Structures are given as C-alpha cells and as structure tokens.
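J.: Provided below are the primary sequence and the corresponding predicted coordinates.
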Amino acid sequence: MKRKTRNLIFGSISVLGGILIHFAFGFFYSTANMVPYIMGYIITRVDPNLSPGASIWLSAVALAMQGVSMPFGGLIARKWGFRIVVATSCLLDSISIFLTYVTIQKSFPGVVITYSVLQGLVWVSATLWFWL
C-alpha cells in the first residue's frame with residue numbers, strides 16, 4: 001500500500017475515533033443543562049419531597065470523584081497504555097448513562113451514584129492519557 005494512501009486511511013480512522021469519543025463524552029458539556037430536567041423528572045414522578053437545591057449534588061459529586069480518582073487514572077494509563085484506558089472509559093461512560101436511565105426511575109441517591117460517581121471516575125480515565 002502506498003504511503004500516501006496509508007496515511008489517509010490512518011488519518012481518517014483517527015478522526016472517526018475522535019468523533020466517537022465525543023459521542024461518548026460530549027454530554028459532559030451539557031450536564032448543567034440536563035440537571036433541571038433530571039430534577040424535574042425525579043420531583044414529578046419519583047420523590048415529590050426532594051428539594052430542587054439537591055441538584056448541586058449531581059455536579060459536586062462528579063467533580064469530587066474526578067479529583068479523587070485522578071492519581072489512579074494516571075497509574076492505570078502508565079501500566080496498560082492510553083488506548084485501553086480510553087476505550088474502557090468510553091464503554092464505562094456509556095454504561096453509566098444506561099444505569100442512570102434505570103436509577104432515575106427509582107431514587108435520587110441512585111442517580112447521584114450512576115450519573116455523578118461513575119462518570120466522575122470515568123472522565124479522569126478518559127482525559128488523563130493526554131498528559132502522559
């Protein structure tokens with residue numbers, strides 16, 4: 001295969017990979033927009049006694065988990081390589097969104113665990129490879 005053709009193929013695969021990663025992690029930038037809808041659903045259908053002020057826990061816990069898990073993400077990436085870490089974190093992030101679909105129908109603490117704790121752990125793994 002010619003070098004130019006090979007570079008074109010690898011470049012196209014790299015761009016496609018970047019697009020797929022943004023599909024998995026792009027919602028991070030819309031988290032603040034999603035919180036009113038999440039809280040509205042929970043207050044209307046699950047727990048009418050829940051205070052709208054509890055919504056701060058969704059962002060706060062995610063950022064706290066990101067800070068706590070950052071050293072571990074670096075160790076994992078150095079041991080196994082960034083490709084495995086990014087692929088695994090994309091998968092885990094998608095799983096956490098699915099689990100949030102299940103837990104939002106049951107309780108607010110479940111949403112905090114699946115939407116904030118799991119995603120806070122996954123964001124570090126997905127973005128830490130950049131600094132290695």
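T.: In hand now; what should we look at?

J.: state the mean pLDDT of the helix or strand residue 87 falls within.
T.: Assigned by DSSP states H and E, residue 87 falls within helix 82-103. Per-region confidence: helix 82-103 scores 85 on mean pLDDT.

J.: do the same with stretch 15-29
T.: pLDDT averaged over stretch 15-29 gives 75.

J.: what's the answer for stretch 47-62, then?
T.: Averaged over stretch 47-62, pLDDT sits at 91.

J.: which other helices and strands contact the helix holding residue 87?
T.: Counting contacts by 3 or more Cβ pairs under 8 Å, 6 or more residues apart in numbering; DSSP states H and E, helix 82-103 packs against helix 3-25, helix 56-80, helix 108-111, helix 118-127. C-beta: built from backbone N, CA, C; applies to glycine.

J.: just checking, what packs against the first one?
T.: Secondary-structure packing of helix 3-25 (3+ Cβ pairs under 8 Å, 6+ apart): helix 82-103, helix 118-127.
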